[in-house]
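> Need coordinates for the below:
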Amino acid sequence: MSYLTINRRAALMGGALAVAAPAVLSSATFAAAASGSDLPMRAVAQFSLGDMKITVIDDMLFTVPTAIFGANQPEGSVDTLLGKYGLAPEFANMQGQVLLVETGDAKVLIDTGQGDVSLPDADVDNGRLFAGLKAVGTSPEDITHVILTHGHFDHIGGVSRNGVACFPNATHYMNGAELDYWTATPPSEANFETLMISIGNDKLGPIKDKITTISDGDEIVPGIKVIDAPGHTLGHMAVQLTSGGTSLLHLIDTSVHYLVGTNEPEWALGIEHDPAKAVETRRKLFTLAAEENLLVAGYHFPFPGVGRISLNGDHFLYTPVSVS
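Numbering: from 1, shown residues only. From the prediction side, this is the model:
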């Protein structure tokens with residue numbers, strides 16, 4: 001099994017990284033765009049939520065230094081917590097999965113995975129979305145709506161390729177402030193944030209005219225609405241699915257690690273734009289999920305990333321559940 005490995009310096013945003021200028025190639029074909037990557041499907045899970053059909057597609061696998069999950073804590077704090085659950089110190093294996101929601105005549109993607117984006121010092125193990133879609137009989141042309149929850153490369157990497165939209169028939173949705181941030185001219189400083197903004201230009205620039213801006217509470221199609229969840233990025237959004245009296249709250253990156261983010265919601269993730277807002281968001285959404293006994297999903301939680309949140313004293317606990 002191969003892992004996309006992000007080194008400690010890159011993950012904590014320290015040090016200079018080479019930044020490539022965005023390239024928009026108007027002559028590229030849709031076929032090239034839709035190919036995503038050559039990696040085969042690894043895992044797909046399907047279940048029903050009322051009348052909705054949910055497909056979870058494993059898109060990526062990578063490792064990060066555990067210190068990134070407790071950037072405002074003393075050294076070793078995260079490893080001590082993980083040790084209580086028998087997990088290894090120093091590096092954590094992480095997954096990333098995209099949800100396809102089929103409801104009525106709509107086929108809605110929640111984010112697009114990492115696509116063909118490769119980072120410096122990283123082995124490629126990403127871009128499996130397109131193989132997953134093919135495995136369940138869905139083509140990129142079939143997708144009617146694409147919700148982009150925020151502009152990090154592992155969420156927008158599959159939205160376009162070589163300047164061409166990967167989902168040509170879909171209306172795309174994103175928070176307006178978030179869209180502006182990731183399509184602004186990249187700063188001159190060579191660092192990790194500049195690299196991510198450059199990728200944002202590359203991936204979002206070609207489809208900017210296809211993007212409808214959205215805000216808190218907007219309903220994309222009946223039963224699918226977005227919820228403001230700022231902190232991870234300035235315009236980060238969660239997504240709530242409701243059908244047949246049952247709801248699932250997709251936390252997206254409100255909590256990136258399924259144990260650390262829930263057990264210690266005050267601990268800052270190393271790449272959060274606004275750590276104080278991120279804490280507010282975690283407590284707000286975790287409390288909502290616990291009090292209403294909602295199903296939750298986490299973009300980077302262990303596959304298929306679906307479970308429930310419960311109160312655990314002053315903190316919270318994520319428990320995976322079996323869905324079918």
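> show me where the stretch 1-150 of the chain has strands.
4-5, 44-49, 52-65, 91-103, 106-110, 145-147 (DSSP state E, counting those that start in this stretch).
> Can you lay out these as a markdown table showing distance to Thr171, mean pLDDT and mean neighbour count?
All C-beta spots, glycine's among them, are computed from the backbone N, C-alpha and C. Formatted as a markdown table, the strands of the stretch 1-150 of the chain follow (distance: least, CB to CB, whole Å; pLDDT from 0 to 100; neighbours: other CB atoms under 10 Å):
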| stretch | distance to Thr171 | mean pLDDT | mean neighbour count |
| --- | --- | --- | --- |
| strand 4-5 | 30 | 37 | 20 |
| strand 44-49 | 22 | 97 | 16 |
| strand 52-65 | 19 | 96 | 23 |
| strand 91-103 | 14 | 96 | 21 |
| strand 106-110 | 10 | 98 | 24 |
| strand 145-147 | 6 | 98 | 24 |
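> Could I get those strands in CSV, plus columns for distance to His273?
CSV is the format used below for the strands of the stretch 1-150 of the chain (distance: least, CB to CB, whole Å):
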stretch, distance to His273
strand 4-5, 23
strand 44-49, 31
strand 52-65, 18
strand 91-103, 19
strand 106-110, 21
strand 145-147, 20
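> Which among those is found nearest to Pro230?
Of all the strands of the stretch 1-150 of the chain, strand 145-147 sits nearest to Pro230, with 16.3 Å by CB to CB.
> Note down every partner strand of that closest one and its orientation.
Sheet pairing of strand 145-147 (DSSP bridges) gives strand 106-110 (parallel), strand 171-175 (parallel).
> after it comes which helix or strand?
Using DSSP states H and E, the helix or strand that follows strand 145-147 in sequence is helix 153-156.
> Give me the sheet partners of the helix or strand following that next one and which way each runs.
Toward the C-terminal end, the helix or strand that comes next after helix 153-156 (DSSP H and E) is strand 160-161. Sheet pairing of strand 160-161 (DSSP bridges) gives strand 164-165 (antiparallel).
> For stretch 232-240, give me every contacting residue.
110, 147, 149-152, 174-179, 181, 214, 216, 224-230, 247-254, 256, 269, 271-274, 278, 281, 285 (CB atoms under 8 Å, 6 or more residues apart in numbering).
> State which helix of the protein is the longest.
The helix that spans the most residues within the chain, counting by DSSP state H, is helix 275-291.
> which SS class is His300?
coil (DSSP: H, G, I helix; E, B strand; the rest coil).
> how far away is it from Phe62?
In this view, His300 and Phe62 are 9 Å apart by CB to CB, to the nearest Å.
> so what sits against both of these two?
In terms of CB under 8 Å, 6+ apart, His300 and Phe62 are both contacted by the residues Met94, Gly96.
> for the longest helix of the chain, packing partners?
strand 246-250, helix 260-263, strand 306-312 (3 or more CB pairs under 8 Å, 6 or more residues apart in numbering; DSSP states H and E).
> then the longest one to PDB, C-alphas only?
Put plainly, it is strand 306-312. C-alpha atoms of strand 306-312 as PDB (Å, rounded to 0.1, in the frame of the first residue of the first chain):
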ATOM      1  CA  VAL A 306     -19.900   7.800   8.800                       C
ATOM      2  CA  GLY A 307     -20.800   7.700  12.500                       C
ATOM      3  CA  ARG A 308     -22.300   9.600  15.400                       C
ATOM      4  CA  ILE A 309     -21.100  12.200  17.800                       C
ATOM      5  CA  SER A 310     -21.900  11.900  21.500                       C
ATOM      6  CA  LEU A 311     -21.100  14.100  24.500                       C
ATOM      7  CA  ASN A 312     -18.200  12.900  26.600                       C
END
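> Ok, which of the strands of the stretch 1-150 of the chain comes nearest Leu294?
So among the strands of the stretch 1-150 of the chain, strand 44-49 is nearest, using CB to CB, at 10.9 Å.
> just the angle between the closest one and strand 246-250, please?
Using axes from the mean of the first three to the mean of the last three CA atoms, to 10 degrees, one finds that strand 44-49 and strand 246-250 are set 140 degrees apart in direction.
> Strand partners (parallel or antiparallel) of the helix or strand containing Val239?
In the assignment (DSSP H and E), Val239 maps to strand 237-243. Taking DSSP bridges as the criterion, strand 237-243 forms sheet pairs with strand 224-228 (antiparallel), strand 246-250 (antiparallel).
> the inter-axis angle of it versus strand 52-65?
If you take the same axes, to 10 degrees, strand 237-243 sits at 150 degrees to strand 52-65.
> Relative to the whole chain's centre, how far out is strand 237-243?
On the basis of CA atoms, centre = their mean, to the nearest Å, strand 237-243 sits 14 Å off its chain's mean C-alpha point.
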